[in-house]
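[1] Kindly return the folded structure for what I paste below:
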Amino acid sequence: MNFEFSEDQLSFRDYVRQFLADQCPLSLVRDIFETDKMYADNLWQQITKLGWTAVTIPEEYGGLGLGQLELCIIAEQLGRVLAPIPFSSSVYLATDLLNNFGTKRLKERYLPQFAKQGLIGTVAIGEHTGQFIPGANSLLDTYVDNGKVYGCKLPVADGLIADVAIVMAASAKNSNCNKLYLVELNQQSVLKTPLACIDPSRNAAKISFSGTEAMPLTTSQSAAIQLQNTYERAAVAIAFEQLGGAEAAFNTSKDYALQRYTFGRVIASYQGMRNKLVDIYTDITLARGNCYFGAWAASVDDDELPLAAAAARISSSKAYYHASKENIQIHGGMGYTWEMDCHFHYRRAKWLAVLFGSERYWKNHLVNQLSNKVIDSRER
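    Residues are numbered from 1 along each chain as shown. Next up, the predicted model:
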């Protein structure tokens, strides 16, 4: 089976890479780090006009009607340049949930805004210091009463800049029936509190609701099932972001090792340095194979998606962390300084590793999927 992208998709990848290389240099990322800006608003408006936020939205709602493969292509290139925009929260999650599970009325109202107007969305799932695990049943403090939501969510990725949020809440106080609701965050009953984040180019918030109007996303299926389905597709896209970031960090390390001299030799000529670079390249190659398998499974909604998504997420998290950490080490003492750009990738690697499910969650998910396969094969 061939998991490679088509010629048209490869051409699209080259176009996306060149556009981002021109419009999103590391100086733009540093500007977000060193100012009170929370994201690159101009870049976000540009990619909205290009239709990237509409890539998976059906044409009837103003989208491009493409698929997961094109989304993964964009994701990889965004990861390569460390794009400081809320693409993952808005496109991978909020748009996906609304597109796949929202009512027709909500789709007609909000999907065109996601597609063409730069509307920013996010998901508000976790509570307190715990992390919501897709598929788990839990009693939530956040609840809905007479169409209004009460409680708080944290951390909410891109919560400070989001216009709308898909909120998981109990259908009534002290109820164990959890559902998803679409909430506009510009209401006076919404309070956003900034949270410290290891990656200043991405923001996180605590969002409190005190009688905020909430619209049910859908009347069918439980929140856990809907989130699990979306999280698996999002896991593949995030894995591609991690893959792009890992390759960028690796290339930076390789280029530096080929031009830095010590004792009259480039440091890349030393066996220890070559071993470091080979180990990083091996991790990236393994991650790429898993990412391609995940992209294929997501594009055709194959039964292997849960397994493929977990494998892609785990291998890409490992590859990105390894590449970003060694990038600092290879640059030596100056690699630790604020003036160097090495810490940008390290910070993003740590942030993405816990976004939409930690590495521990995805490892458990992978083990469960493999165990189910063994049980099924024995029963046959």
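
[2] remind me which residues of the protein are low pLDDT?
    Applying pLDDT under 70 to the chain picks out residues 1-3, 128-139, 219-221, 377, 379-380.

[3] And this structure, what are its domain boundaries?
    7-119, 122-216, 223-379 (automatic domain parsing).

[4] mind listing the strands for the stretch 1-150 of the chain?
    Taking DSSP state E, counting those that start in this stretch to define them, one finds strands in the stretch 1-150 of the chain at 121-124, 143-145, 148-157.

[5] a markdown table for the domains of the chain, including mean neighbour count?
    All C-beta atoms are positioned from the backbone trio N, CA, C, and that covers glycine. Below are the domains of the chain laid out as a markdown table (neighbours: other Cβ atoms under 10 Å):
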| stretch | mean neighbour count |
| --- | --- |
| domain 7-119 | 19 |
| domain 122-216 | 19 |
| domain 223-379 | 19 |
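
[6] circling back to that earlier point, would you turn the strands of the stretch 1-150 of the chain into TSV with distance to E60?
    TSV is the format used below for the strands of the stretch 1-150 of the chain (distance: least, Cβ to Cβ, whole Å):
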stretch	distance to E60
strand 121-124	19
strand 143-145	29
strand 148-157	29
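
[7] for these, which one sits closest to G79?
    strand 148-157 (15.2 Å; Cβ to Cβ).

[8] quick one: strands adjacent to that closest one?
    Paired strands of strand 148-157, with direction, are strand 143-145 (antiparallel), strand 204-213 (antiparallel) (DSSP bridges).

[9] So which of those strands is nearest Q77?
    strand 204-213 (23.7 Å).

[10] Packing partners of the helix or strand just after the closest one?
    The helix or strand immediately downstream of strand 204-213 is strand 215-216, counting by DSSP states H and E. Other helices and strands packing on strand 215-216, by 3 or more Cβ pairs under 8 Å, 6 or more residues apart in numbering; DSSP states H and E, are strand 178-184.

[11] just how off-centre is stretch 37-46 within its chain?
    On the basis of Cα atoms, centre = their mean, to the nearest Å, stretch 37-46 sits 17 Å off its chain's mean C-alpha point.

[12] Tell me the span between the first and last residue of it.
    17 Å (Cα to Cα, to the nearest Å).

[13] swap in stretch 253-264?
    19 Å.

[14] List of residues touching it?
    Stretch 253-264 has contacts (Cβ atoms under 8 Å, 6 or more residues apart in numbering) with 266-268, 273, 276-277, 280, 323, 326-327, 330-331.

[15] rewinding a little: can you tell which of the strands of the stretch 1-150 of the chain is closest to L191?
    Closest among those, using Cβ to Cβ: strand 148-157, at 8.3 Å.

[16] tell me what whichever strand or helix holds E326 is packed against?
    In the assignment (DSSP H and E), E326 maps to helix 305-330. Secondary-structure packing of helix 305-330 (3+ Cβ pairs under 8 Å, 6+ apart): helix 223-259, helix 271-300, helix 342-354, helix 359-379.

[17] got a markdown table for these, with distance to S11 too?
    As requested, the helices and strands packed on helix 305-330 are exported to a markdown table (distance: least, Cβ to Cβ, whole Å):
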| stretch | distance to S11 |
| --- | --- |
| helix 223-259 | 18 |
| helix 271-300 | 17 |
| helix 342-354 | 27 |
| helix 359-379 | 32 |
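
[18] Now do the helix holding E326 and helix 342-354, the angle between them.
    160 degrees (axes from the mean of the first three to the mean of the last three Cα atoms, to 10 degrees).

[19] thinking again about what came up before, quick one: closest of the helices and strands packed on helix 305-330 to L50.
    Nearest of those (Cβ to Cβ): helix 223-259, 17.5 Å.

[20] show me the contacts for R17.
    Neighbours of R17 in contact, by Cβ under 8 Å, 6+ apart: 77, 80.

[21] meant to ask about I198
    Taking Cβ under 8 Å, 6+ apart as the test, what I198 contacts is 347, 350-351.

[22] Same list (those) but as TSV, adding distance to K116.
    TSV is the format used below for those (distance: Cβ to Cβ, whole Å):
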residue	distance to K116
R347	32
K350	34
W351	28
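
[23] Among those residues, pick out the one closest to A295, please.
    Nearest to A295 among the contacts of I198, with distances taken as Cβ to Cβ, is W351, at 21.9 Å.

[24] Assign the nearest residue to that closest one once chain neighbours are set aside to one of the three secondary structure states.
    Sequence neighbours aside, D199 is the residue nearest to W351 in space, at 4.0 Å (criterion: Cβ to Cβ, 6 or more residues apart in numbering). Classification of D199 using DSSP: H, G, I helix; E, B strand; the rest coil returns coil.

[25] Touching, D199 and R348? I think so.
    Yes - here D199 reaches R348: they are 5.3 Å apart, a contact under Cβ atoms under 8 Å.

[26] Chain neighbours aside, what residue packs nearest to G51?
    L64 (5.2 Å).

[27] unless I'm mixing things up, G102 is touching T218, no?
    Yes - the criterion here is Cβ under 8 Å, and G102 meets it with T218 at 6.2 Å.

[28] Next one: Q113 from K373, what distance?
    Distance from Q113 to K373, counting by Cβ to Cβ, to the nearest Å: 41 Å.

[29] where exactly do the helices run in the stretch 51-200 of the chain?
    68-81, 87, 96-101, 104-116 (DSSP state H, counting those that start in this stretch).

[30] closest one to Q45 among the ones you listed?
    Closest to Q45 of those, according to Cβ to Cβ: helix 104-116, at 11.0 Å.

[31] what sits up against the closest one?
    Against helix 104-116 from outside (Cβ under 8 Å, 6+ apart): 48, 51, 53-54, 57-58, 61-63, 90-91, 94-95, 98-99, 102, 119, 121, 164, 182, 215, 217.
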